[in-house]
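K.L.:
sequence first, predicted coordinates after that:
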Amino acid sequence: MNRPYIICHMVTSIDGKVTGNFLSTPACAEACAIYYDINRKLQSNGFICGRVTMEGSFTGGYTPDLSQFTPVTRENGTNKDFIPDKEHLTDFYAVAFDPKGKLGWKSNRIMDPDGDPGYDGAQIIEVLTEQVDDRYLGYLESMGIPYLFAGKTEIDVSLALRKLHTLVGCETLLLEGGSIVNGYFQRADAIDELSLVIAPVIADKDDKPLFTDSTAADFECIKTEFINGNTVCRYKRKK
Ligand SMILES: NC(=O)c1ccc[n+]([C@@H]2O[C@H](COP(=O)([O-])OP(=O)(O)OC[C@H]3O[C@@H](n4cnc5c(N)ncnc54)[C@H](OP(=O)(O)O)[C@@H]3O)[C@@H](O)[C@H]2O)c1
């Protein structure tokens, strides 16, 4: 396979939703604890999240003042990926699907020592489209944050994964939401396994499903466990 093996690891409600207030209710606390426990045990080279999830979990909406950074010129429309020396990178990655370059990082690593376990210290990688501001590239380079181009306006999931495999060396990555990025992967048929912790709650009508705009696909259930009232399932893509 010329791309990393992708395991989509998520907490869901009984009705298959993955966003909304139910995630922070006491009824879902045990499911979240199980989720982080499994997250630490799954062997991977890191995790992928959409821009909204990265903002909510790690950057808190910080935006850098781009006027302070030297634009990286893209001569004749060439969009050159930026990967600093591999020896300066860690071997665990936080891959942000951030098409327009909106995320404001204060370090090239996830700095979250008191946060959810399993993320602190991960090397950030930005996956961008050609829409990104040249000054944002200058900002990322000044921070030592690698970036990869994959698409004009939307991120081409297959191209992004090929680059993460060939340029960064990722063999297995966890896809950890939210609904929109999961949907892009599902439509690209780039999900090899699902690891779901199903909390014993029903979500609100406005909460989003596991995959936004999914297409039909078959999976086989390879493991089921019941842990303190939660159902934990593994599914494998049927080819
Ligand atoms: N239940 C769980 O286990 C779990 C796990 C993680 C997150 N969450 C929840 O999920 C919620 C966020 O989910 P969400 O669905 O709203 O957003 P999301 O998937 O986190 O991020 C969506 C954004 O990512 C960018 N994006 C991702 N893939 C793209 C592609 N292929 N092409 C173009 N753009 C792409 C776009 O950014 P732009 O908008 O900048 O264009 C898009 O709007 C959070 O509230 C969080 O609580 C739940």
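P.N.:
Alright, I've got the coordinates. Bear in mind that the values here come from a model prediction, so they are computed numbers and not experimental data.
K.L.:
any idea which helix is longest in this protein?
P.N.:
helix 26-41 (DSSP state H).
K.L.:
what comes into contact with that helix?
P.N.:
Helix 26-41 is contacted by residues 9-11, 22-23, 47, 116-118, 174, 176, 195, 197-201, 227-230, 232 when judged by Cβ atoms under 8 Å, 6 or more residues apart in numbering. Heads up, the C-betas are built off the backbone N, CA and C, glycines and all.
K.L.:
how about the strands in the protein?
P.N.:
Taking DSSP state E as the criterion, the chain contains strands spanning 5-12, 46-50, 93-97, 123-128, 147-149, 172-175, 193-198, 219-227, 230-237.
K.L.:
so for Lys106, which of those strands sits nearest?
P.N.:
Nearest of those to Lys106, taken as Cβ to Cβ: strand 123-128 at 10.4 Å.
K.L.:
got the contact list for that closest one?
P.N.:
Residues outside strand 123-128 that contact it (Cβ under 8 Å, 6+ apart) are 46, 89-90, 92-101, 103, 105, 107-110, 136, 140, 145-150, 155, 160, 164, 168.
K.L.:
same question for stretch 147-162.
P.N.:
Around stretch 147-162, the neighbours that count as contacts under Cβ under 8 Å, 6+ apart are 2-4, 6, 79-83, 97, 99, 125-131, 137, 140, 163-164, 167, 173, 184-185, 188, 190.
K.L.:
that stretch and the ligand, are they touching?
P.N.:
Yes: contact of stretch 147-162 with the ligand (Cβ under 6 Å from any ligand atom) involves Glu154, Ile155, Val157.
K.L.:
what about burial for those residues, which qualify?
P.N.:
Ile155, Val157 (16 or more other Cβ atoms under 10 Å).
K.L.:
tabulate the residues of stretch 147-162 next to the ligand (TSV), appending pLDDT.
P.N.:
Listed next are those as TSV, based on pLDDT from 0 to 100:
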residue	pLDDT
Glu154	98
Ile155	98
Val157	98
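K.L.:
tell me the buried residues in stretch 208-227?
P.N.:
Lys208, Pro209, Leu210, Phe211, Thr212.
K.L.:
flag every residue of the protein that's near the ligand.
P.N.:
Counting by Cβ under 6 Å from any ligand atom, the residues of the chain near the ligand are 10-11, 18-19, 23, 49-53, 56, 97, 99-100, 102, 154-155, 157, 176-181, 184, 208.
K.L.:
quick one: which of these sit in helices?
P.N.:
With DSSP H as the criterion, helices contain Arg51, Val52, Thr53, Val157, Ser179, Ile180, Val181, Tyr184 from among the residues of the chain next to the ligand.
K.L.:
ok, so of these, who is nearest Thr63?
P.N.:
Arg51 (12.3 Å).
K.L.:
wait, doesn't that closest one sit right on Phe97?
P.N.:
Yes: shown here, Arg51 and Phe97 form a contact pair, counting by Cβ atoms under 8 Å, at 6.4 Å.
K.L.:
give me the more crowded residue out of the two.
P.N.:
More crowded of Arg51 and Phe97, by other Cβ atoms under 10 Å: Phe97, with 26 against 22.
K.L.:
okay, and the beta partners of that one?
P.N.:
In this entry, Phe97 is beta-bridged to Gly50, Val127, by DSSP bridges.
K.L.:
in PyMOL, select just the buried ones from the residues of the chain next to the ligand.
P.N.:
In PyMOL, this line selects whichever of these come out buried by 16+ other Cβ under 10 Å:
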select buried, resi 10+11+18+19+23+49+50+51+52+53+97+99+102+155+157+176+177+178+179+180+181+184+208
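K.L.:
tell me the spacing between Thr231 and Phe219.
P.N.:
Going from Thr231 to Phe219 by Cβ to Cβ, to the nearest Å gives 15 Å.
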